[in-house]
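>>> whatever this is, show me its structure:
(chains A and B)
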Amino acid sequence: MLNFIIRRLLVAIPTLLILIVISFFLMQLAPGGPFTSERPLPPQVLANIQAKYGLDKPLLHQLWVYMKGILLHFDFGPSYQYKDRSVNDIIAQGFPITLKYGSISFVVAVAIGVSLGVIAAIRHNTRLDYAATGTTFFAQSLPNFVMAPILIIVFTWQLGWLPGGGWNGGQWQYLVMPVIALSTSYFASIARITRSSMLEVLNSNFIRTARAKGLPERVIIWRHAMKPTMMPVVSYLGPAFVGMITGSVVIDRYFNTGGIGASYVNSALNRDYSVMLGITILYGGLTILFNLVTDVLYAWLDPKIRY
Amino acid sequence: MGMVHDIDRVDRIAEKLAEAEQIKGRSPWQDAMTRFFHNKASVGSLIVLGLILLFTIVGPYFAVWSNEEIDWDRMGDIAELGRPSIENGHYFGLDDLGRDLYARTIQATRTSLMVGVIGSLVAVVIGTLYGAVAGFAGGWVDGLMMRIVDILIAIPYMFVIILLLVIFERSLFMLFVGIGVLSWLDMSRIVRGQTLSLKNREFVEAARAAGVGWFTTVRRHIVPNLLGIVVVYATLLVPGMIMTESFISFLGLGVQEPNTSLGALINEGAGTILRGTLWQLFVPLFFFLTIIISLFFIGDGLRDALDPKDR
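Predicted structure coming up:
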């Protein structure tokens, strides 16, 4: 197992490095530097500013400094638009918020998705199954940017139950809508995957043997069928995680939760490249880490995988 | 006597056999078509999608206003005067700037459908070629090509697309490039897996043993068997592409004015709900959801039709 984890790490680390290098060079391709403005700065001033940020050095040197900063000190450098804030400040301010509602959404999506899928599979071809399948089919086509305005219309505007946005230290009233908006399409996908996987497992020979032995249904489902059922679900968790991370951008923007996604969009609109780069790399690193975790989980679930 | 009678009968049977038409074989594709058209949800969705397509073509002929005209008389009080109405020609109402939402919706639907189809085509072409080459080649070439995919797939691609859009100009073309170039990865994995399993099957071996050339084997035996899974996956890619584009446009980073897409319209509508102009949200939302749900149903139907083992 340790061997397997090490081998996976050997893929993960170059992935992260490639991500950093690609994003870094993409930014260099951008027309105009970060200090190009409508009224050009006097060349002397521009040279001074560039010297301050180390932009006068050769590209490879800049890349080296940048990578060293991230990997050794977790330092993403300064923001070029906000003189008094570094990219680290921006991340430190927004990331805990995104992490909080993001992880809650993730847990909610997995919990609801798996239970709904299992119930639908156990009660295959009953009304309950049809209801669950129908619900998940439609919920699947409700991405976060569709859910967000609908939720505000229903809960804030019509019913007046929940505040239409803000964070307020993460009180539950402020969490409900972001979590629902973010998790809807994913719980639906997870439920559909779980259902079809469970149905396949329940039709397999070893379950028939367990039934023939006279094991109670409860034991069959939980002790025998659950583990193989979860395999395709676990392999979907990676994409789901990426989707939620991406979706947090919409949540932060629409619900004003103050998370990191809002900074991302603002930096994209302001061409604040270092902030964009920093957040992209942070999210990329998280994704890579998460994929590593699911890979290990998968190897544990599936004895056929050699490690 | 008996002998003669028997000969007669033999002749008759021989005649019948000669006359009788050969029993027509049905190709797996015809089977699949039959299965698909027996699926009510898929056929219904196909019709709905056809109607939407027709609407984007015929719709403009019924438009009273163009998508760029501003209705100065009504723009002062859009919440009241800008409601959808048949009489003044704004069938879907006005948008926040006083432009006709009917014309804008047609324009947006066109953009979204185009992004979906072209983005998927790019993904299908690149993904199929890449996957097929990796699968055929096998060995270290396959290993290397798939490691590259492993690495690329771990990158949250939405951020890369946005990066591309911000760095280069925000044009439709760049959006196509960004979405298409980064979404072929799953396709290549699927095609590679299928190619690998086809390559060593008995009928391919039989073809090779019979002396069939390399190219003919690929064309006659491999491609038709790949096609099913490619078609199914491509159909499911289209709604994904439309969602991706809408997501980016919802953030205000996608298509730029005066062009628009369903995501951009949903964004505009979502921004003004508190003024009570709900039609600005619900009209584009209706088109968006109808397209996405129909495409999901069609994809599901195609999967059931082309991949019967899954039923």
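>>> can you name the residues of the stretch 51-200 of chain B sitting close to chain A?
B:147, B:150-151, B:154-156, B:158-160, B:162-164, B:166-168 (Cβ under 8 Å from any Cβ of the partner chain). The C-beta positions use only the backbone N, C-alpha and C, and glycine is treated the same way.
>>> got the CA positions of stretch A:275-294 in PDB?
C-alpha atoms of stretch A:275-294 as PDB (Å, rounded to 0.1, in the frame of the first residue of the first chain):
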ATOM      1  CA  VAL A 275      -4.100  36.500  -7.900                       C
ATOM      2  CA  MET A 276      -5.600  34.400 -10.700                       C
ATOM      3  CA  LEU A 277      -2.400  32.400 -10.900                       C
ATOM      4  CA  GLY A 278      -2.300  31.800  -7.200                       C
ATOM      5  CA  ILE A 279      -5.900  30.700  -6.900                       C
ATOM      6  CA  THR A 280      -5.600  28.400  -9.900                       C
ATOM      7  CA  ILE A 281      -2.500  26.800  -8.500                       C
ATOM      8  CA  LEU A 282      -4.200  26.400  -5.000                       C
ATOM      9  CA  TYR A 283      -7.300  24.800  -6.500                       C
ATOM     10  CA  GLY A 284      -5.100  22.600  -8.800                       C
ATOM     11  CA  GLY A 285      -3.000  21.500  -5.800                       C
ATOM     12  CA  LEU A 286      -6.200  20.700  -3.900                       C
ATOM     13  CA  THR A 287      -7.600  18.700  -6.800                       C
ATOM     14  CA  ILE A 288      -4.400  16.700  -7.100                       C
ATOM     15  CA  LEU A 289      -4.400  16.000  -3.400                       C
ATOM     16  CA  PHE A 290      -8.000  14.900  -3.500                       C
ATOM     17  CA  ASN A 291      -7.400  12.700  -6.500                       C
ATOM     18  CA  LEU A 292      -4.600  11.100  -4.500                       C
ATOM     19  CA  VAL A 293      -7.000  10.400  -1.600                       C
ATOM     20  CA  THR A 294      -9.600   8.900  -3.900                       C
END
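>>> ok, and the most crowded of the residues of the stretch 51-200 of chain B next to chain A?
Counting neighbours by other Cβ atoms under 10 Å in any protein chain shown, residue B:159 leads those with 26 neighbours.
>>> residues in contact with that residue?
By Cβ atoms under 8 Å, 6 or more residues apart in numbering or on different chains, the residues touching residue B:159 are A:246, A:264, A:279-280, A:283-284.
>>> remind me which residues of chain A are low pLDDT?
Applying pLDDT under 70 to chain A flags the ranges A:30-39, A:304-307.
>>> and the helices in it?
For chain A, the helices defined by DSSP state H occupy A:2-29, A:43-53, A:59-73, A:87-122, A:127-139, A:144-151, A:172-202, A:205-212, A:217-219, A:226-255, A:260-270, A:273-301.
>>> nearest to residue B:9, of the ones you listed?
Nearest of the helices of chain A to residue B:9, taken as Cβ to Cβ: helix A:205-212 at 52.3 Å.
>>> for that closest one, which residues meet the burial criterion?
A:207, A:210 (16 or more other Cβ atoms under 10 Å in any protein chain shown).
>>> what kind of secondary structure is residue B:253 in?
Secondary structure state of residue B:253, per DSSP: H, G, I helix; E, B strand; the rest coil, is coil.
>>> roughly how far does it sit from residue B:159?
Distance, residue B:253 to residue B:159, by Cβ to Cβ, to the nearest Å: 11 Å.
>>> so what does the one helix or strand residue B:204 maps to touch, helix or strand wise?
Assigned by DSSP states H and E, residue B:204 belongs to helix B:202-209. Identification of packing neighbours for helix B:202-209 by 3 or more Cβ pairs under 8 Å, 6 or more residues apart in numbering or on different chains; DSSP states H and E yields helix B:214-217.
>>> who's in contact with residue 66?
Since no chain was named, I'll use chain A. Taking Cβ under 8 Å, 6+ apart as the test, what residue A:66 contacts is A:20, A:24, A:77.
>>> I was after chain B.
Counted by Cβ under 8 Å, 6+ apart, residue B:66 has contacts B:100, B:103.
>>> go with 6 Å
By Cβ atoms under 6 Å, 6 or more residues apart in numbering or on different chains, the residues touching residue B:66 are residue B:103.
>>> so it sits in a helix?
No: assessed by three-state DSSP, residue B:66 does not belong to a helix; its assignment is coil.
>>> mind checking how far it is from residue B:99?
Taking Cβ to Cβ, one finds residue B:66 at 9 Å from residue B:99.
>>> now residue A:3
63 Å.
>>> could you do residue B:84 as well?
Residue B:84 is 14 Å from residue B:99, by Cβ to Cβ.
>>> with residue B:208 instead?
63 Å.
>>> give me the more crowded residue out of those two.
Between residue B:208 and residue B:99, counting by other Cβ under 10 Å, residue B:99 is the more crowded of the two (22 against 13).
>>> who are the contact partners of the more buried one?
So residue B:99 contacts residue B:70 (Cβ under 6 Å, 6+ apart).
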